[in-house]
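[1] Fold the stuff below for me.
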Amino acid sequence: MYVIKYRKFWFVLSGLLMALSAFGIFKYGFNLSIDFKGGTITEVRYEGDLSAQAGRMDKAVVEENIEKLSASWRIGGFSVRPSESDRYIIRTKELSIEESAKLIEAIGNPGVERSNTIGPIAGGELQSKAVKAILVVVIMIVLFVTFAFRKVSLPVSSWKYGFATIIALVHDVVIPTGIFVFLGHISGLEIDLLFVTGLLAILGYSVHDTIVVFDRVRENLRINSDRNQNEEFDITVGKSVQQTFGRSINTSLTIFITLFALYLFGSSATHDFALLLMIGVIVGTYSSIFVASPLLVTFQKLQKK
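    Model (predicted):
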């Protein structure tokens, strides 16, 4: 199959995407939300539908009023995001009670639905736990794959299935993260706890798709053994990818359509989350077909040298 035959092309493409993502991460860094760096999140509600108020209290006006307030009192960086039809969520540095009152007054004294403050210590702890959660998930997935394929020893050892999975998972985390870093630099998109949740979901989806292909490889190896058929490993892997190709694409397409609907018609609170999952589904499907499976063939070729 062309996936195996042109595997070097897919590896180069993935390498370039990962290199660009890594460049963005080290160049621009993460635009962390209040969840990680601490600050105050204030949700306000205006009377009536904001879209029907002819710009009286639209997003641009609210931001302009906060900027005017910042001229006399240094509020620092902030973000304003719509929530439902009559609300805004405002993220700022950590505010005192008096400072919060000034903020509410500056934007027209709307009703305050909630006002939460997260200190930098709590934010730092969340960062640490988020990284640990991702690492634990990756380790457990690799151990599971290695255990599941423990009886497969020829022509590629079981641990190499786990190693291929590691590379695919790193690929599936780095590229969406890099895209979000670039979006954060360009449009101010923030990385919050939903982003971490999205990465964990991407890892789960990606490994599920990869295992389906690997399991078909294992099944075809067993059939070849039962029939005493001496088939080249790259042919076996190519045949396995071809047999699962339609299933992977159809499953991914179904999930993508659902997420796209959520992205278009869902609330602003889940907008970025749906975008991340859409990117993750595309990248995860690509890696299971064009990265993980061809890696098995590459490992086998290197083993023979």
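[2] rest of the way, CA atoms for contacts and neighbours
    Noted.
[3] which stretches of the protein form strands?
    Using DSSP state E, the strands of the chain run over 39-45, 79-83, 87-92, 111-118.
[4] Minimum distance to Val213: which of these has it?
    Closest approach to Val213 among those (C-alpha to C-alpha): strand 79-83, 41.2 Å.
[5] Comparing the strands of the chain, which yields the minimum mean pLDDT?
    Of all the strands of the chain, the minimum mean pLDDT falls on strand 79-83 (a mean of 78).
[6] Would you mind pulling the contact partners of it?
    59, 62-63, 88-92, 267-269 (C-alpha atoms under 8 Å, 6 or more residues apart in numbering).
[7] Most neighbours out of these, which is it?
    The residue in the contacts of strand 79-83 with the most neighbours, by other C-alpha atoms under 10 Å, is Tyr88 (24 neighbours).
[8] which residues touch that one?
    43-45, 80-82.
[9] which intervals of this protein have sub-threshold pLDDT?
    Along the chain, segments meeting pLDDT under 70 span 1, 48-56, 70-77, 119-124, 152-153, 268-269, 304-305.
[10] and it, what are its domains?
    Here the domain assignment for the chain is 2-34+121-304, 39-117, based on automatic domain parsing.
[11] how much distance is there from the shortest one to the middle of the chain?
    Meaning domain 39-117. In terms of C-alpha atoms, centre = their mean, to the nearest Å, the centre of domain 39-117 is set 29 Å apart from its chain centre.
[12] how long is that domain end to end?
    6 Å (C-alpha to C-alpha, to the nearest Å).
[13] ditto for stretch 146-158
    End-to-end for stretch 146-158, by C-alpha to C-alpha: 6 Å.
[14] That one: which residues count as buried?
    Going by neighbour count (16 or more other C-alpha atoms under 10 Å), the buried part of stretch 146-158 is 146, 149, 152, 155-158.
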